[in-house]
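**Q** Quick one, fold the following:
(one chain, ligands or ions: 2)
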Amino acid sequence: MQYLHTMVRIRDIDESLDFYCGKLGLKEVRRIESEKGRFTLIFLAADEDEQRAEADKAPMVELTYNWDPEEYQGGRNFGHLAYRVDDIYATCQKLMDAGVTINRPPRDGYMAFIKSPDGISIELLQKGDARDPAEPWASMENTGSW
Ligand SMILES: C[C@@H](O)C(=O)SC[C@H](NC(=O)CC[C@H](N)C(=O)O)C(=O)NCC(=O)O
Ligand code: NI
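**A** Ligands and ions are numbered 1, 2, ... in the order given. As a prediction, the model looks like this:
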């Protein structure tokens with residue numbers, strides 16, 4: 001068995017692509033429009049996974065946009081999407097400069113959390129060992145749960 005993707009439903013394509021691609025740096029690998037089903041599917045891969053994802057050999061996020069507006073409630077059982085980054089501080093700084101709230105700052109030099117425009121939680125983990133504590137991260141308020 002092979003893990004293929006995680007699907008999340010989105011409210012707005014432009015808003016979501018600005019966040020996932022423009023800010024988080026994911027790459028659009030495939031898009032499926034269904035006139036019959038009245039929905040659009042957009043498959044996104046992390047930049048390091050892009051080539052393998054094109055051959056369905058790397059996990060992706062599948063954004064589902066229903067053309068007819070729906071309210072997406074609940075979903076507390078869904079946790080988060082997780083990505084490994086080369087430099088947690090540089091990544092969070094770039095996201096913060098682009099207007100993304102760092103809900104859980106990388107005070108430990110290792111883990112940070114942000115949220116998508118639809119409130120999907122995204123975990124960012126430092127590749128390898130934790131970075132040394134550094135400002136402003138060490139003293140930033142943590143609006144996340146831990
Ligand atoms: C392409 C493959 O990866 C899919 O996931 S298609 C699955 C299919 N998706 C839809 O019908 C999208 C529109 C639908 N209104 C929805 O919001 O899901 C499907 O069976 N979806 C049901 C589900 O629970 O995922
Ligand atoms: Ni799917």
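**Q** give me the element the residue sitting nearest the centre point of the chain is part of.
**A** Residue closest to the average C-alpha location in the chain (Cα atoms, centre = their mean): residue 122, at 4.9 Å. If you go by DSSP states H and E, residue 122 is part of strand 121-126.
**Q** what does the chain put close to ligand 1?
**A** 7, 9, 37, 39, 41, 62, 64, 66 (Cβ under 6 Å from any ligand atom). For every residue, glycine as well, the C-beta is placed using N, CA and C.
**Q** Could you pick out the buried ones from those residues?
**A** The neighbour count (16 or more other Cβ atoms under 10 Å) marks 41, 62 as buried among the residues of the chain next to ligand 1.
**Q** quick one: strands adjacent to the strand holding residue 122?
**A** strand 80-85 (parallel), strand 111-115 (antiparallel) (DSSP bridges).
**Q** Pick the most buried one from those strands.
**A** strand 111-115 (a mean of 21; mean count of other Cβ atoms under 10 Å).
**Q** before we move on, the earlier item: how about the strand holding residue 122: buried residues?
**A** Buried residues in strand 121-126 (16+ other Cβ under 10 Å): 121, 122, 123, 124, 126.
**Q** Run through the residues that contact the residue nearest to residue 16 when sequence neighbours are not counted.
**A** Counting by Cβ to Cβ, 6 or more residues apart in numbering, the nearest residue to residue 16 once its immediate chain neighbours are dropped is residue 10, at 4.3 Å. Residues near residue 10 by Cβ atoms under 8 Å, 6 or more residues apart in numbering: 16, 63, 64, 65, 116, 117, 118.
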